[in-house]
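*Asks:* Sharing a model prediction with you, sequence too.
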Amino acid sequence: MNWETVIGLEVHVQLATKTKIFSAASTSFGATPNTQACAIDLAMPGTLPVLNKQAVNYAIMFGLAIDAEICQESVFERKNYFYPDLPKGYQTTQLEKPIVGRGSVTIQLADGTEKAIGIHHAHLEEDAGKSTHEGDLPYGMSGVDLNRAGTPLIEIVSEPDMRSAEEAIAFAKKLHSIVTSIKICDGEMSQGSMRFDVNVSVRPAGSSTLGTRTETKNLNSYKFMEEAIEREVERQIDLIEDGGTVAQETRLYNGDTKVAKSMRSKEEANDYRYFPCPDLLPVLVSDEAIEELRRALPELPDARQKRFVSQYGLSDYDSEIIASDSNMSAFFETVAEDSSNAKLAANWVMGELSGALNTAGLSFIESPVTAQQLAGMVVRISDNSISGKMAKQVFEAMWQGEGNADEIIQAKGLKQVSDSGALEKIVADVLDGNPAMVEDFINTDESKRKKKLGGFMGQIMKASKGQANPQQVNQILLQKLNALL
Amino acid sequence: MHNYTIAKLIKGLQNKEFSSVELTQHFLDRISQLNDDYNAVITVTSEQALSAAALADQRLANGDAPAMCGVPILHKDIFCTNGVRTSCGSKMLDNFVPPYDATVVENFARDGAVMLGKTNMDEFAMGSSNETSFYGPVKNPWAMDSVPGGSSGGSAAAIAARLAPGATATDTGGSIRQPAALCGISGLKPTYGRVSRWGMIAFASSLDQAGPMARTAEDCAIMLNCMASFDEKDSTSVNQSVPDYTAKLGNSVQGLKIGIPKEYFSEGLDPGTEIAVRKALADLEGQGAQLVKISLPNSHLSVPAYYVIAPAEASANLSRFDGVKYGYRCDDPKDLQDMYCRSRTEGFGEEVQRRILIGTYCLSAGYYDAYYGKAQQVRQLIQQDFSDAFKSVDLIMGPTCPSPAFKFGAKGDDPVAMYLEDIYTIATNLAGLPGMSVPCGMVEEKPVGLQIIGNYFDEARMLNVAHQFQQITDWHNQAPEAAQ
Amino acid sequence: MTIERKEIEKLATLSRLAIDEKTIADVTGRLSSVLALVDQLQSANTESLQEISRPFHTFQRLRDDQVNETDQRDAFQAIAPQTHNGLFTVPKMIE
């Protein structure tokens, strides 16, 4: 039996506003528990919500970025359920009239194809607080921190258009790229700025009816999402093939333990009793407001990707990688502009720098090597002052904070020797000093001679303390050797 | 002094006939002597009151003090008062001391009014008799075996018993007007959005409004001047300038068109009440007003609609009382669900629990359209009735209640019998219109109220007519024997 | 219309109220009575009518995104039933 996987995503994006959606308490990450939870966030009796203008603007900007309809009179509703991290006993969210309607996002797949993924809608809502069950707590108790309660979220609901974990990840990454590019979210997955719920179902290939889906909640890494999806697909297929049926349920996946489990509790049968929140009025968005936001909308990743190809001559592949990350893009552009060598800039940003940042767990914004510094180094490679190999040393030193490229090149005496006279002498010296090698070269079969060059190069590099310009040396060496044949 | 109206007290304070401290002490003494009889006041704030009175005296001495400066008042225990227990008449909040003030409380404090304490009320404002309070029922000073009305029974009884010249209260389905009527005092529910709901513990968010209770319309006007304000902290607060509600009290009622809805004079209305109300209307006619017969054809839908909407909104508003952040938590909960269930079941009284259940039912899957959705549509029908009526009349009048104060327990078994107490008042809340009640007669020595309903933001005119009525009648000056 | 006991138990669970054996009959009776009252709504012709929550069709005021609240944790937690190191504590949630 051939199976088809059907996946839909619900993505919670924390909006990068300074204050909560309904109160003027701060949303800064990492504050001491309950120091950023005001009376409204604590649902104190008699407190009332007032809507944050920036949260509305950010939601509209997202809608514009995905070409969606903007609802000009959206309505907040109450979603009722009991949980300690939900102080009011209801979450203020949107249901019937969400602020962003149908839209679409294009994903690029590994095989080079593109696919449009539909977005059903996106709505504004408030985040809940956080519960802790372990650590320094009295026996048998859980702790609740309401700092996060009231942080504005947009919940983005996709159509069930994805057919594989790869597509789901590509979609998730694309959303990440969009929301960070338009700067409505800081994209810090480790801080919970984006969380993914994955709806997975399977059906016989060719069928048009949807199978029963399960929802795996609160995934905050692409790796975990991929694992969770693949395990769930396998579980469902096994279950059905063994004669069972998939139950509609909520599941949790623990990426550390690799264990997935069902949250099959009474919460499953929860009736949320949505109704329009009487403490809030409908949110009016004027045509002018939408146009103003559209004009001011920062560059979107797809547009940026195309621009990198046309403006900097980058390959589709390279530009896609860089353009999908706002911080990498900003860094790259500075290096490219300052060094006038976009290709090299791209290589270094995507290669060494990315690698080093990844290992150190730093973002481009936190890079110890600034864009200006990297540009300075790229310039020295371009003008042949240093070889590519030398540059690695320079980069290392810059990373360690030893200064900018020129300072390091000077201090370590790394300037490449490109003076042909000097190089001629070095090559001649090496040939004179290694008669056996020369003899061996001459007696070697023509087809196998190229391999022997390495030995001479090694000697030359040693003699020049690695500073000989390799391309020039190669030329001179070949010239001299051929003359001896 | 306790027989003085607020207006008279203000003059007295300004003319230095007495100080605010003397006045405050006088009322504190009365509360101390008489409150046990009526159980109108739950918390007395003597020290705080006397310090505030002393400060008020200083301001009065400096001249240019606001009208309410130095005047002692009571606050219904539904308004959060910083540092003072705010119980909402419930065990759930028996230990709740808010670290913030309601805007209404702040407004009065800013103007130098003196808070004597917090008044008793039906639990979470759900009731029409003040029989559901955790702190015990309030007695009607006119008839100690009878209810004072609710939910603002404590405020009403306190004024009737002259324990304070004025009190704040709230009205969701009639909770200011009905107790005002049963206790022979004046009370006003403003237009929805006129007075801030910040810090006012929510019952039904789209219906709740705070308003003044006092002996006269003039006093209500003075209090409303202080209470009404645009508040940015309340999204439903209307940004409309606050007029001086006392400015037009003296206007003549000549030519005023008063609508008399036939639905408010049909079966169910106590004959004695009808006589008193019709006499009052005749009095106004004598002053030059014109009585016009009107119909509010969807009136019969107002009680059903209300008893869907109010419990539904309340069921969500009361979910925050979960034993987690404040308020009552049961002893030794064995797990989280046990904590929720027992805290709420032990903390809430029966009527509150019943309304939560009804509200939950009306919002639940499969029932929303037939109940909540339907009721909110019916609201438009009711609003339309009034809007049509106001095309041809300036004000609408009729009885506030179908009968005078009933005996304790008389409506205990059938909730619907209790709900029908509000039959004339509920529609105004559904439409968001302002309504008030003034005393207009007695039936078997129990007061009867005349209800005045105005168009949106027409409180000044309502107070004007009520004031004129009080110039030609004496009901508002009468006091129950026990309070004299 | 009479409300069934099972229905009431479901409502009680949803609203975290415990109704014990002794009172369930009373509660059923009273709720049924109220439902009979509200069922009168069905007689109304509300075709093409909007659901309204408030008298005027006005719109939500928007607040500037400026921090305007300070840390009042001590004041709020002074009235909390139970706290530990700045957290509100509740009996453990069993998932």
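*Replies:* Thanks, I have it.
*Asks:* The nearest residue to B:Ala427 once chain neighbours are set aside sits in which helix or strand?
*Replies:* Excluding the flanking residues, the one nearest B:Ala427 by C-beta to C-beta, 6 or more residues apart in numbering or on different chains is B:Ser302, at 4.1 Å. Using the backbone N, CA and C atoms, a C-beta is placed for each residue, glycine as well. B:Ser302 is part of helix B:302-317, with elements assigned from DSSP states H and E.
*Asks:* Now that helix: average pLDDT?
*Replies:* Averaging pLDDT along helix B:302-317 yields 96.
*Asks:* Just the CA coordinates for it, please, in PDB.
*Replies:* Taking only C-alpha atoms (Å, rounded to 0.1, in the frame of the first residue of the first chain), the coordinates of helix B:302-317 have been written out as PDB:
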ATOM      1  CA  SER B 302     -35.700  41.100  27.700                       C
ATOM      2  CA  VAL B 303     -35.700  38.800  30.800                       C
ATOM      3  CA  PRO B 304     -35.000  35.700  28.700                       C
ATOM      4  CA  ALA B 305     -32.300  37.500  26.700                       C
ATOM      5  CA  TYR B 306     -30.700  38.800  29.900                       C
ATOM      6  CA  TYR B 307     -30.600  35.500  31.500                       C
ATOM      7  CA  VAL B 308     -28.600  34.100  28.600                       C
ATOM      8  CA  ILE B 309     -26.200  37.000  28.100                       C
ATOM      9  CA  ALA B 310     -25.500  37.900  31.700                       C
ATOM     10  CA  PRO B 311     -24.700  34.400  33.000                       C
ATOM     11  CA  ALA B 312     -22.800  33.600  29.800                       C
ATOM     12  CA  GLU B 313     -20.500  36.600  30.200                       C
ATOM     13  CA  ALA B 314     -20.300  36.000  33.900                       C
ATOM     14  CA  SER B 315     -19.300  32.400  33.400                       C
ATOM     15  CA  ALA B 316     -16.200  33.600  31.600                       C
ATOM     16  CA  ASN B 317     -15.500  36.600  33.900                       C
END
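*Asks:* and the helix or strand just after that helix with chain C, contact?
*Replies:* Tracing the chain C-terminally past helix B:302-317 and defining elements by DSSP H and E, one meets helix B:336-347 next. Yes: for helix B:336-347 and chain C, the contact criterion (C-beta under 8 Å from any C-beta of the partner chain) is met by B:336-342, B:344-345.
*Asks:* Rounded mean pLDDT for helix B:336-347, please.
*Replies:* 97.
*Asks:* for that helix, which positions count as buried?
*Replies:* Neighbour counts over helix B:336-347 (16 or more other C-beta atoms under 10 Å in any protein chain shown) mark B:336-337, B:339-345, B:347 as buried.
*Asks:* So which residue of chain B lies furthest out from the middle?
*Replies:* Here chain B reaches farthest from its C-alpha mean at B:Lys334, the gap being 40.6 Å by C-alpha atoms, centre = their mean.
*Asks:* The nearest residue to that one once chain neighbours are set aside: how many residues sit nearby?
*Replies:* Taking C-beta to C-beta, 6+ apart, and ignoring the residues beside it in sequence, B:Lys334 has C:Pro91 as its nearest neighbour in space, at 7.1 Å. As a burial measure, C:Pro91 scores 21 neighbours (other C-beta atoms under 10 Å in any protein chain shown).
*Asks:* Likewise for A:Asp440?
*Replies:* Other residues within reach of A:Asp440 by the criterion other C-beta under 10 Å amount to 13.
*Asks:* Mind checking if stretch B:409-418 is in reach of chain C?
*Replies:* Yes: taking C-beta under 8 Å from any C-beta as the criterion, stretch B:409-418 and chain C are in contact, through B:414-416.
*Asks:* So what touches that stretch?
*Replies:* B:127-129, B:131, B:351, B:354, B:421, C:30, C:33-34, C:36-37 (C-beta atoms under 8 Å, 6 or more residues apart in numbering or on different chains).
*Asks:* dump the residue contacts of the residue in the stretch 351-484 of chain B that chain A sits nearest to.
*Replies:* When distances are taken as C-beta to the nearest C-beta, the stretch 351-484 of chain B approaches chain A most closely through B:Leu363, which lies 3.8 Å from it. For B:Leu363, the residues meeting the contact criterion (C-beta under 8 Å, 6+ apart) are A:80, A:273-275, B:312, B:315-316, B:371-372.
*Asks:* switch the cut-off to 10 Å
*Replies:* Applying C-beta atoms under 10 Å, 6 or more residues apart in numbering or on different chains to B:Leu363 gives the contacts A:78, A:80, A:271-275, B:308, B:311-313, B:315-316, B:371-373, C:14.
*Asks:* Check B:Gln384 too.
*Replies:* With C-beta under 10 Å, 6+ apart as the criterion, the residues that contact B:Gln384 are B:296-298, B:431, C:49.
*Asks:* which non-adjacent residue is nearest C:Pro81?
*Replies:* Excluding its sequence neighbours, the residue lying closest to C:Pro81 (C-beta to C-beta, 6+ apart) is B:Arg329, at 3.8 Å.
*Asks:* quick one, strands of chain B?
*Replies:* Across chain B, reading from the start of the chain, the strands by DSSP state E fall at B:41-44, B:72-76, B:114-119, B:166-171, B:186-189, B:209-214, B:257-261, B:290-294, B:395-399, B:435-443, B:446-454.
*Asks:* now do the stretch 251-400 of chain A
*Replies:* Secondary structure of the stretch 251-400 of chain A (DSSP state E, counting those that start in this stretch): strands at A:259-262, A:275-276, A:283-284.
*Asks:* Among these, which comes closest to A:Leu95?
*Replies:* strand A:275-276 (8.8 Å; C-beta to C-beta).
*Asks:* could you say what helices and strands the closest one packs with?
*Replies:* In this structure, strand A:275-276 makes packing contacts with strand A:77-80, helix B:302-317, helix B:350-363, judged by 3 or more C-beta pairs under 10 Å, 6 or more residues apart in numbering or on different chains; DSSP states H and E.
*Asks:* What residues does the residue lying closest to A:Ser382 once chain neighbours are set aside make contact with?
*Replies:* Distance criterion C-beta to C-beta, 6+ apart; nearest residue to A:Ser382, sequence neighbours excluded, is A:Asn341 at 4.8 Å. A:Asn341 makes contact with A:312, A:335, A:347-348, A:375, A:378-379, A:381-383, according to C-beta under 10 Å, 6+ apart.
*Asks:* highest average neighbour count across the strands of the stretch 251-400 of chain A?
*Replies:* Between those, strand A:275-276 has the highest mean count of neighbours, a mean of 24, where neighbours are mean count of other C-beta atoms under 10 Å in any protein chain shown.
*Asks:* follow-up on the earlier one: is the residue nearest to B:Lys334 bridged to anything, and to what?
*Replies:* In this structure, C:Pro91 bridges to A:Met141 when assessed by DSSP bridges.
*Asks:* Give me the distance between it and B:Asp335.
*Replies:* Counting by C-beta to C-beta, to the nearest Å, the gap between C:Pro91 and B:Asp335 amounts to 5 Å.
*Asks:* Spit out the residues that contact the two alike.
*Replies:* Contact with both C:Pro91 and B:Asp335 is made by residues A:Gly140, according to C-beta under 10 Å, 6+ apart.
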